[in-house]
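Participant: here's a sequence, model it:
(3 chains)
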Amino acid sequence: MSITALRRLILIGLLLAIGLGLSLASPSFLKLDNLMTLLQEASQTGIVAVGFTLVLITAGIDMSIGAVIAITAMICANFLTYTHIPAFAFIPVALGAGCLVGLFNGFFITRFKLPEFIVTLASRGILAGLALLIAVKDADGFVSNVFIQDPVYLGFGGTVGPFYIITIVFLVLAVLVQFFLKRTRSGTNIYATGANPTAARLSGINTDKTIFAVYMFSGFCASLSSIFLSARMMTAMPEFGIGSEMDVIAAVVIGGTPFTGGIGDIWGTVIGTVFLAMIKNGILKLGISPYIQPIVIGGIIVVVVVVDVWYKGFAERLARNRARRRTAEQDRAAA
Amino acid sequence: MAKTKLMALPLALFLLCAGMTLSAQTWKIGYLPSTVGQALTKAWGTGIDTTLKAAGNVQLQALDAQMKAETQVSMMDDFINQGYNLIILQPIDAAALTASVKKAESKGIPVITLNTDTLAPHFACVTMDDYGAGYLVGESIGKTLKGAGNVALIQSPPGALAGVEREKGFRASMAKLYPNIKIVGAQNGEWNKDKAIAIMNSFMQVNSQLDAVFAVNDNMAEGAAIAAESAGRLKNIMIWGFNGQMSTLAQIESGKVFGTAYTNAYDQGAIAAKLALEALKAGTKTFAKTQVVTVKPFLATKETVGQIPAASRW
Amino acid sequence: MAENSDASEEVLLDCRKICKSYNGPMVLSDVDFSMKRGEIHALVGENGAGKSTLIKIITGVTGRNSGTMVFEGKEIGHDHSRTGAQGLGIAVIYQELSLIHGMTVAQNMFLTKEPRMPVLGIINIRRMNSLAQAMIDRYGFNLKATDVIDGLSIGQRQTVEILKALNGKASLMIMDEPTSSLTSAESAQLFGIIRQLKADGISVLYISHRMEEVFDLSDRVTVLRDGRLVEVLEKERIHPNEIIRLMIGRCLDEKDSKCVMERKGGEVVLDVHGLSSEGKFSDISLQLHAGEVLGIGGLVGSGRTELVRAIYGIDAHDSGSISFQGKPWTPGVSQSIRGGFGFVPEERRLQGIMGGISITGNIGITNLDSIAGKGFVSDRKELALSRKAVGLLNIKPAEPSLPVGNLSGGNQQKVVVGKWLIRDLRLLIVDEPTVGIDIGAKEEMYQTIARLASEGVSVILVSSDLPELTRLSDRILVLRKGRIVKEFAEGAVTEEDVLRASSGILEGGAA
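Facilitator: Numbering: from 1, shown residues only, chains lettered A, B, ... in the order given. Predicted structure coming up:
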C-alpha cells in the first residue's frame, strides 16, 4: 500500500517539478489560457483512459478505442448532415455505438476465449474501415469533412468559467469511477477478475459479465471523448482518434496501472494524463523538434515501467520478509 | 528569510514575462504546415524565411503537425496562447481548422493559409490552383492521347482537400473534353511513394492497356514511374505528377515522369511572407473577407521543363 | 463427547455406489463414502487410488457416472456444480488459489458478499472490517482484517481461506494436503483450528499422505485403493501401520512387492555433495554409478523434483557441489545436454512436449547440434533421427509428421524419452515417467529403462509409484522435507518400507 502511495507521490513531485521548470523556461506556460488548454488536451485523452484503466485492471487490453472515436464522429456527422434530429437526441445513439463495440469485443473474448489484443485489434480495423465507408461524401463521392454548425453540439466544446466543459466532465467521471472501483461490489469484481480469474470464479464472481462490462464502458468512454473532439474541432473526420491508443496506453501506464491486471486506479490515470499533456505542451513551448516528442514519451514509458518492475520486486521482497518474520514469530509463540 | 525567497519566485516570473513583452518589438510569426518533412513545405518555409529575414525584426517558429488535424489544432492553440503575432497555416483539413482560425482571428492574430482555405474568413489565402491545374493536366493528357485511351488515378487520402481538388479538376476536363478516355482505376496512395508503387503494379496487372497515370502529387508519380520501369512498360505509359519538386523535374528531363503541374513554392512562400509583413505593419485585426492570392501553375514536360531556372527549383 | 453424541451421529454427507470413468478405465467403482456432522474424517490412498476424483465429485468439479449423493438430507442431482456445492456449504481450502492478491483479509473474506450501505450499493468498508475482525478474534487468529494478503505467510493465507469458507457458511470443509507447504509450527496451529472447527459442528474432510497427522486428528479414516473402497476405520482402529497395510493392499510376504536392492560397483558418474537450495532441499549428497538406476522416493512436495531439476541445471542451487565423471560440474541446461544428460520432466504436457508440433519437430529440438551443423536445420537429417526414435521406442502411430498432442499419453512420453535416446546418453533423469499412461506403455517404459542401464547409462528415477520404484531401482533414496531420510542399498525392500520412510515413520512405527 505504502509503496503505491510513494510511487504516486514521486509522480506528483515530478509533475510539479516539470511544471516549475516549464514556467521558468517559457513565460506563457503559466498563462490561464495555456493551463486550460493543457487540461483540455489531458481530458481528451483522459476520458478514454478512464475506460481503458478498467480494461487494464482486468488484465485485458482494448486496441479499438481510437477507431471507436472515429466511428462515433462519423455517426454524429451523418446525423448532423442528413437529419434535423437535435443533438441531445442523437448523442445517446452515438454513445451507444461505443457500448456496442464493447459488447462485440466482450463477446469474442469471453465466448471464444480469444486473446483480447487480437479481438480488439480486429475491431479496430473493421471500425476504421467502416468510418471511411459511412463518412459523409460530396456529390462526386469524395469524403468531405462536415463543418459543424449545430450550436447545441458545439456547446460541448465550450467553457464554464475558465474551464472547458470536457475538463469538468473528465474530473466528474474520474471521481465517480474511482468511487465505483473502490467502494462497490462490481468494482471489487473488476480487481478480482484481473488479479486472479480462477480465484474470482471460485469466489462466485461472474468474470465473463465483468469483462463484458469493462469493454462496454471502455467503448462508451471513447465515444464520449469523440463528441468533445468533434465539437472542439467543429468537424468530424474519419481519421479521428486513429493512433491515439498509444497516448492512452502511455497515460494509464505512467499512472501506475500495469498490464498484469489486478492493480491500479483512476487517480493514477488522472495524474498520468496530465503528466503526458504537460510534456507535450512543454515540448511545443521549448521549441524542441517535434520528432523528439514520441522519443521523449517512449523514453518516459520505458523508465516508468523499469522503475515499476524494480519496485515490484522490492515490494515483493518486503512482503516476503514480513511473511517470514511473521512465520518465525508464530513458531516462537507456538514453541 | 524564507518568506522573501517565496516572494522572489513570482516576482522573477513576472519580470521575465514583462521583459518578454517589452522587448516585443520583434514580431513572432508561427509557420504550421501539415508536416515539415516534404519538399513542398520545406520550399514554402525557405520562401517565407528569406523574405522575413530581409525585413528583419521577425522571429519565425515552425511546428510539425505530422499530418494529423488534431495535432494541428492543438498547435494552433499553442501559438495563440503564446501570443504569436501572425500565423501562416497549411490546414490539413478545411473544416477541422476553421475553429482554430476563428479563435486566432478573434484574438487579433491574423492567419494566412496556404493551399487550403478554411470556412472562416481570415486575412489571406495563398493557394496553388489545384482544381485549375488538375484540369490542365487532364487537358494535356487528353491531347497527347488524341482523345482515346485508358487512364488511372493515384489519389490522395480521403478528405485531403488539395488532392481531392486536383482530382476533381482532372475528372472535370476528362468528362467535358474527352468522353472517350476511360478512367480504369483510382486508388489512394496516401501521398506516399511506396504505396504508389504497389498501386501502380496492381493497375498494370489488371489493365493490359494503360496509357496514362495521374498521381496527385510528385512523390506518388515517382513511385508509379519506378513500378512502370521495372515492369518494362514505361515507354507505353505516360505518368503525370503534381507540385513540381526538384527531383521530379529531373525525372522529367530524364524521361521517366512525363510531366507535372509545377508551382513555384519559393514564390508562394515569399508571397505569404510579404502579405504577413503588410498585415503586421498595418495592424489591422479584423477581416470581413479572405483575400485569395492564386499562384499560377505551369505544366512542365520534357519540352518546357528547361524554362524553370535552377534557382526556382525546390 | 457424550453430550455431543447425538449431533455427531447425524450424517452430513452420504455417497453411495459412486462410479466414475474418464473415457476408459473405471477411476472409481461403487465407492460408498459418508461423513458425520462435526467429524474429522481422513481420506487416504496411494496416488491414483481415486481420492482426488472423489473430492472433485463431491465439490461438483466433475460429474459422476452413477451413484447417489445426499447432503444434509437433500439428494444432490447430477447437475451438481462447483457453485452449487458452494451454495450448499461445501468448501475446499486451496493453498492460496482462491485469494486475491492486493486485497485485504476482509476483502477476501467478503468477496461478493460485501456488506453494503442502503444507498447505491456502496460497500460499507468499516462494517466489513469490523465483521471480519470479530470473526478473526473469535477464533483467536493472529491476523488483522486490514492486512494485505501479499504480506502474509502461507499458513496465514490458509487461515484466511478457512475464514473465507466460514464466512460462506460452510458446513463441510475439504482440505487437500493442507500441511504440505507449512512449517511444523504452522501445521500445529492448523490442527488447533481444525479441532475448533469440529467443536463448532463443522465437518472436515482431510486428505494427507502424512500418517502421523491422520493418526493424530481423525475420528474416522476411509481407505481407497485402485478406485475401490477398502475399509472405513473407526477411531480405535486408526494406526499408521494398519493404514499403510490397507493402502498397499498386499501382504508383506507377497513376492511381487519384495525387491532386492543391490549396490552397483561401477565407476562413479555423478557425485553430488551437500547440495542445498533454500526452501526446497538441503544437504543432499549422493553418488551415482555407471549403469545404475537410482530411485528417489518421497511424498509429493518432499523436494524430489526440485533436486533433479537442480542437478539437471534448470534451477540454481544455493550451496554444495557436483562433479560429473570425476570433474567439477557447474549445472546448466546446455552443459547438461552437451554432457550427455537427458531429462524427462514430471509434467509432460507443460514441460515435456510441444503438443501442436510434429514428432519430428519435438525430437529435432534437442538434437539441433546434429541436424543443424552449419546453422540451418536439415529436414532430411531431422526426419532420419525421428524415424530412428520412432523405431527404437515403438512409437505408435509411426508417423513422424503427426502432432505430438494427438498421440496417446504413453506415446507422448515415448517421444519425450525418445528425443534423448538418440543422443550419446550418459545420464537419464526421469520424473514420474509413467503417470497417466496405460499398462502396456508402462511396461515398455520399464524395459527401456532397464535396457539403458544394461548399456551403462545411469538413471535417476523419481517416482511416487511404489511398485515401479522398488522394481526398477538398484538403490533407493527417500526424501522427506527436503532431506534424505533413508537409503535402501542392499537387501529386500518392500513398498511398505518406502512408504513408512516417506511418511516419517521410521522403524518401529509411529508414536
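Participant: can you show me the CA trace of stretch B:93-110 as PDB?
Facilitator: Extracted as PDB, the C-alpha positions of stretch B:93-110 are listed here (Å, rounded to 0.1, in the frame of the first residue of the first chain):
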ATOM      1  CA  ASP B  93      -8.500  19.900 -43.300                       C
ATOM      2  CA  ALA B  94     -10.500  22.900 -44.200                       C
ATOM      3  CA  ALA B  95     -13.400  22.200 -41.700                       C
ATOM      4  CA  ALA B  96     -11.200  20.900 -38.900                       C
ATOM      5  CA  LEU B  97      -9.000  24.100 -38.800                       C
ATOM      6  CA  THR B  98     -11.900  26.500 -39.100                       C
ATOM      7  CA  ALA B  99     -12.500  26.700 -35.400                       C
ATOM      8  CA  SER B 100      -8.800  27.400 -34.800                       C
ATOM      9  CA  VAL B 101      -8.600  30.100 -37.400                       C
ATOM     10  CA  LYS B 102     -11.700  31.700 -36.000                       C
ATOM     11  CA  LYS B 103     -10.200  31.600 -32.500                       C
ATOM     12  CA  ALA B 104      -6.900  33.200 -33.700                       C
ATOM     13  CA  GLU B 105      -8.600  36.000 -35.600                       C
ATOM     14  CA  SER B 106     -10.900  36.700 -32.600                       C
ATOM     15  CA  LYS B 107      -7.700  37.200 -30.500                       C
ATOM     16  CA  GLY B 108      -6.400  39.600 -33.100                       C
ATOM     17  CA  ILE B 109      -3.900  37.200 -34.700                       C
ATOM     18  CA  PRO B 110      -4.100  37.300 -38.500                       C
END
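Participant: for chain B, where's the lowest mean pLDDT among helices and strands?
Facilitator: Every helix and strand in chain B was compared by mean pLDDT, DSSP states H and E; the lowest is helix B:2-22, with a mean of 45.
Participant: name the nearest residue to A:Ile148, sequence neighbours excluded.
Facilitator: Closest residue to A:Ile148 apart from its sequence neighbours, by Cβ to Cβ, 6 or more residues apart in numbering or on different chains: A:Met234 at 5.0 Å. Placement of C-beta: from N, CA and C, glycine included.
Participant: quick one: that neighbour and B:Thr98, what's the gap?
Facilitator: Distance, A:Met234 to B:Thr98, by Cβ to Cβ, to the nearest Å: 6 Å.
Participant: so the two - more neighbours on which side?
Facilitator: Set A:Met234 next to B:Thr98 and count neighbours by other Cβ atoms under 10 Å in any protein chain shown: A:Met234 wins out with 25 against 22.
Participant: okay, now residue 299: neighbour count?
Facilitator: You didn't say which chain, so I picked chain A. For A:Gly299, the count of nearby residues is 11 (other Cβ under 10 Å).
Participant: meant chain C, my bad for not saying
Facilitator: The tally of other residues near C:Leu299 (other Cβ under 10 Å) stands at 22.
Participant: pop out the phi and psi values for it.
Facilitator: With angles defined as degrees, to the nearest 10, C:Leu299 shows backbone torsions of phi -80, psi 160.
Participant: repeat for C:Val457
Facilitator: Per-residue torsions, C:Val457: phi -80, psi 140 (degrees, to the nearest 10).
Participant: check contacts around it.
Facilitator: C:Gly291, C:Leu425, C:Arg426, C:Leu427, C:Leu428 (Cβ atoms under 8 Å, 6 or more residues apart in numbering or on different chains).
Participant: find the nearest non-adjacent residue to C:Leu288, please.
Facilitator: Excluding the flanking residues, the one nearest C:Leu288 by Cβ to Cβ, 6+ apart is C:Leu270, at 4.1 Å.
Participant: quick one: name the residues of the stretch 151-300 of chain A near chain B.
Facilitator: Applying Cβ under 8 Å from any Cβ of the partner chain, we find that the stretch 151-300 of chain A lies next to chain B at A:157, A:229, A:232-235, A:237-240, A:243-244, A:280-281, A:284-285, A:287, A:289-291.
Participant: who wins for neighbours among the contacts of C:Val457?
Facilitator: Of the contacts of C:Val457, with other Cβ under 10 Å as the count, C:Leu428 tops at 25 neighbours.
Participant: roughly how far does the closest residue in space to that residue that isn't next to it in sequence sit from C:Leu425?
Facilitator: Closest residue in space to C:Leu428, ignoring its immediate chain neighbours: C:Gly342 at 4.3 Å, by Cβ to Cβ, 6+ apart. Using Cβ to Cβ, C:Gly342 is found at 5 Å from C:Leu425.
Participant: just C:Ile337 next, same as before
Facilitator: Relative to C:Leu425, and taking Cβ to Cβ, C:Ile337 is found at 10 Å.
Participant: try C:Asp379
Facilitator: 24 Å.
Participant: also A:Met246?
Facilitator: 51 Å.
Participant: so the residue nearest the centre of chain A is in which element?
Facilitator: Geometric centre of chain A, nearest residue: A:Ala49, 0.8 Å, by Cα atoms, centre = their mean. Here A:Ala49 sits within helix A:32-57, counting by DSSP states H and E.
Participant: just the element for B:Asn201, please.
Facilitator: Counting by DSSP H and E, the element that carries B:Asn201 is helix B:193-206.
Participant: picking up where we left off before, is the helix or strand following the helix holding A:Ala49 positioned near chain B?
Facilitator: Once helix A:32-57 ends, the next helix or strand along the chain (criterion: DSSP H and E) is helix A:65-82. No. In terms of Cβ under 8 Å from any Cβ, no part of helix A:65-82 sits within range of chain B; the closest distance is 9.8 Å.
Participant: report the buried residues of helix A:65-82.
Facilitator: Across helix A:65-82, burial judged by 16 or more other Cβ atoms under 10 Å in any protein chain shown covers A:65-80.
Participant: cool, and stretch A:182-190?
Facilitator: Using 16+ other Cβ under 10 Å as the burial criterion, the residues of stretch A:182-190 that qualify are A:Arg183, A:Thr184, A:Arg185, A:Gly187, A:Thr188, A:Asn189, A:Ile190.
Participant: cool, stretch C:441-458 as well?
Facilitator: C:Ala441, C:Lys442, C:Glu444, C:Met445, C:Thr448, C:Ile449, C:Leu452, C:Ala453, C:Val457, C:Ser458.
Participant: closest one of these to C:Pro403?
Facilitator: Nearest to C:Pro403, judged by Cβ to Cβ, of those is C:Ala441 at 18.5 Å.
Participant: how far away is that closest one from chain B?
Facilitator: C:Ala441 sits 55 Å away from chain B, taking Cβ to the nearest Cβ, to the nearest Å as the criterion.
Participant: helix/strand/coil for that residue?
Facilitator: In terms of secondary structure, C:Ala441 is helix; the call rests on DSSP: H, G, I helix; E, B strand; the rest coil.
Participant: report the contact partners of it.
Facilitator: With contact taken as Cβ under 8 Å, 6+ apart, C:Ala441 is in contact with C:Ser408, C:Gly409, C:Gly410, C:Asn411, C:Gln413, C:Lys414, C:Thr434.
Participant: likewise for B:Leu32?
Facilitator: B:Ala62, B:Leu63, B:Ala65, B:Gln72, B:Met75, B:Met76, B:Phe79, B:Ile87, B:Ile88, B:Leu89, B:Gln90.
Participant: so who does the last one touch?
Facilitator: This means B:Gln90. Here B:Gln90 is in contact with B:Leu32, B:Pro33, B:Ser34, B:Thr41, B:Trp44, B:Thr113, B:Leu114, B:Asn115, B:Thr116 (criterion: Cβ under 8 Å, 6+ apart).
Participant: check what pLDDT it gets.
Facilitator: The model reports B:Gln90 with a pLDDT of 93.
Participant: how close does it sit to B:Leu153?
Facilitator: Relative to B:Leu153, and taking Cβ to Cβ, B:Gln90 is found at 23 Å.
Participant: low-confidence bits of chain B, can you list those?
Facilitator: Residue ranges of chain B with pLDDT under 70: B:1-25.
Participant: what are the boundaries of the strands in the stretch 251-400 of chain C?
Facilitator: Along the stretch 251-400 of chain C, counting by DSSP state E, counting those that start in this stretch, strands occupy C:259-261, C:268-277, C:281-289, C:293-298, C:319-324, C:327-328, C:341-344.
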